[in-house]
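# Using only what follows, build the 3D model:
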Amino acid sequence: MAIRQLSVFAENKNGALYEITKTLAAARIDIRAFSIADTANFGVLRMLVKDATKAASILSDNGNIVSVDDVVGVKIPDIAGGLSDILRITTAKNISIAYLYAFVSRETGNAYVILRVDNNNHVEEILEAEGCTLLKEEDLH
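Down below sits the predicted model:
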C-alpha cells in the first residue's frame, strides 16, 4: 500500500523553490503535501503528487536531483493526541522513523501522517494489526 513520494534537492537560494513549483504547475501536477528540510547549502523538498513518475521525469529534465521513494501513509483523527497515538505504537514496536510529516485531509475530522521507515511492509502490518487505517495513493487525490 506504499505511497510514492518525491524528494527534490534544491539549493538554498532565492527562487529555487519557486522554480520547482512553477515547473510542476506548468505540467499541471498538483502538489498534495510537502515538507522541507534544510541545511546551510541545500534543502530537501518532499512531496506527494498525483503522478510521481511524471513529476520526477519533468523535474529531472529541468536539472533537479530527484528521487522517488515509497512511504507509509496513515489516517488519524484530527484531534489532540491523534499523532501521539501512532507514535505510541511505533515506539512500543521499536519502529525507527527516519522522518514524518502530517497534513489535514479534505475529509473532515481526519489528518494524514506520512512515515519514512526502513521496512514499509512490516510497519504496515503492525499498524493494521493495531487497527490503524493505512492510506492508498488514491486516498490522497
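# switch to C-alpha atoms for all contacts and neighbour counts from now on
Noted.
# looking at this structure, which helix or strand does the model trust least?
Within the chain, confidence by mean pLDDT, DSSP states H and E is lowest for strand 31-38 among all helices and strands, at a mean of 89.
# Can you give me the buried ones in that strand?
Buried residues in strand 31-38, defined by neighbour count with 16 or more other Cα atoms under 10 Å: 31, 33, 34.
# cool, and stretch 72-86?
If you call a residue buried by 16+ other Cα under 10 Å, then stretch 72-86 has these buried ones: 72, 73, 74, 75, 76, 77, 78, 82, 83, 86.
# Quick one: residues in contact with it.
Applying Cα atoms under 8 Å, 6 or more residues apart in numbering, the external contacts of stretch 72-86 come out as 1-3, 104, 109-117, 120, 123-124, 132-136.
# Export the least confident helix or strand of the chain to PDB, keeping only CA atoms.
This file holds the C-alpha atoms of strand 31-38, laid out as PDB (Å, rounded to 0.1, in the frame of the first residue of the first chain):
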ATOM      1  CA  ILE A  31       1.100  19.000  -5.000                       C
ATOM      2  CA  ARG A  32      -1.000  17.300  -2.300                       C
ATOM      3  CA  ALA A  33       1.500  17.600   0.500                       C
ATOM      4  CA  PHE A  34       5.000  18.800   1.100                       C
ATOM      5  CA  SER A  35       7.700  19.200   3.700                       C
ATOM      6  CA  ILE A  36      11.000  21.000   3.500                       C
ATOM      7  CA  ALA A  37      14.100  20.100   5.500                       C
ATOM      8  CA  ASP A  38      17.100  22.300   5.000                       C
END
